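Peer 1: got a structure for you, letters missing:
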Ligand SMILES: Nc1ncnc2c1ncn2[C@@H]1O[C@H](COP(=O)(O)OP(=O)(O)OP(=O)(O)O)[C@@H](O)[C@H]1O
């Protein structure tokens with residue numbers, strides 16, 4: 001049974017290939033509803049920088065505790081960058097719900113599967129590109145990718161699109177062809193007449 005906070009404040013998972021427009025749409029959603037949503041605070045084993053507060057910038061932790069959380073299946077996703085570990089814990093998502101906000105998770109397919117197996121009571125939205133060709137154009141247009149990272153993202157995009165075809169993979173799919181139209185569809189599904197997916 002999911003905790004009572006996530007019954008009422010159901011997390012929303014938004015996934016979709018890199019470059020589909022998730023950040024663009026979420027930025028607008030947060031601006032339109034400044035008090036409704038929250039992002040979970042990630043764990044990291046790196047040292048805090050000046051001004052970074054524990055529990056706000058990150059949940060700062062050490063390798064031993066981090067490894068134990070991995071072993072206990074406490075993470076939705078985790079990865080290592082530059083010798084430090086980073087991860088999104090299930091508890092961090094529940095904490096957002098306990099603060100009476102809808103936690104929005106912008107995660108990849110493997111994370112989606114983890115959330116499905118958890119008691120987070122989430123709703124799942126897939127943001128699809130109009131086509132792989134258009135996705136490539138957007139990624140190139142964003143100017144953030146090398147040829148190598150672009151190819152990796154496109155290969156991963158094919159996996160995400162295959163997974164999204166499976167029955168029950170997501171509750172809702174929105175195709176981001178026209179940004180205005182896609183934003184309205186995402187917002188209306190997330191807000192759900194003011195219920196945000198919770199039972200009446
Ligand atoms: N409907 C649209 N039409 C054309 N361009 C778009 C549309 N939506 C988003 N874009 C552009 O596509 C690019 C990728 O969008 P964005 O960075 O939001 O993707 P993302 O899904 O968050 O990617 P990542 O997972 O890599 O962070 C941006 O340059 C954005 O301005």
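Peer 2: Perfect, thanks for sending it. Bear in mind that the values here come from a model prediction, so they are computed numbers and not experimental data.
Peer 1: Buried residues, the longest helix along the chain. List them.
Peer 2: In terms of residue count, the longest helix belonging to the chain (DSSP state H) is helix 147-165. Residues 150, 153, 154, 157, 160, 161, 163, 164 are the ones in helix 147-165 that count as buried (16 or more other C-beta atoms under 10 Å). (Glycine included, C-beta is placed from N, CA and C.)
Peer 1: State the number of residues packed around the residue lying closest to the fourth one once chain neighbours are set aside.
Peer 2: Leaving aside its sequence neighbours, residue 157 sits nearest to residue 17 (C-beta to C-beta, 6 or more residues apart in numbering; 3.4 Å). A count of neighbours around residue 17, defined by other C-beta atoms under 10 Å, yields 26.
Peer 1: same question, residue 141
Peer 2: Counted with other C-beta under 10 Å, residues neighbouring residue 141 total 9.
Peer 1: same thing with residue 125?
Peer 2: 22.
Peer 1: Also residue 28?
Peer 2: 14.
Peer 1: Write out the residues of this structure neighbouring the ligand.
Peer 2: 18-24, 138, 141-142, 176, 178-179, 182 (C-beta under 6 Å from any ligand atom).
Peer 1: And the buried residues of helix 147-165, which is closest to the ligand?
Peer 2: Distance ranking of the buried residues of helix 147-165 against the ligand, using C-beta to the nearest ligand atom, places residue 153 first at 6.9 Å.
Peer 1: thinking again about what came up before, just the buried members of the residues of the chain next to the ligand?
Peer 2: Applying 16+ other C-beta under 10 Å to these flags 18, 19, 20, 21, 22, 24, 138, 176, 182 as buried.
Peer 1: Make a markdown table out of those residues and add pLDDT and distance to residue 97.
Peer 2: Converted to a markdown table, those look like this (pLDDT from 0 to 100; distance: C-beta to C-beta, whole Å):
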| residue | pLDDT | distance to residue 97 |
| --- | --- | --- |
| 18 | 91 | 27 |
| 19 | 91 | 29 |
| 20 | 95 | 26 |
| 21 | 95 | 26 |
| 22 | 96 | 21 |
| 24 | 96 | 25 |
| 138 | 92 | 32 |
| 176 | 97 | 27 |
| 182 | 98 | 26 |
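Peer 1: Adding distance to residue 110 and secondary structure, write those out as a markdown table.
Peer 2: Converted to a markdown table, those look like this (distance: C-beta to C-beta, whole Å; DSSP: H, G, I helix; E, B strand; the rest coil):
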| residue | distance to residue 110 | secondary structure |
| --- | --- | --- |
| 18 | 14 | coil |
| 19 | 18 | coil |
| 20 | 17 | coil |
| 21 | 21 | coil |
| 22 | 16 | helix |
| 24 | 23 | helix |
| 138 | 23 | helix |
| 176 | 22 | coil |
| 182 | 24 | helix |
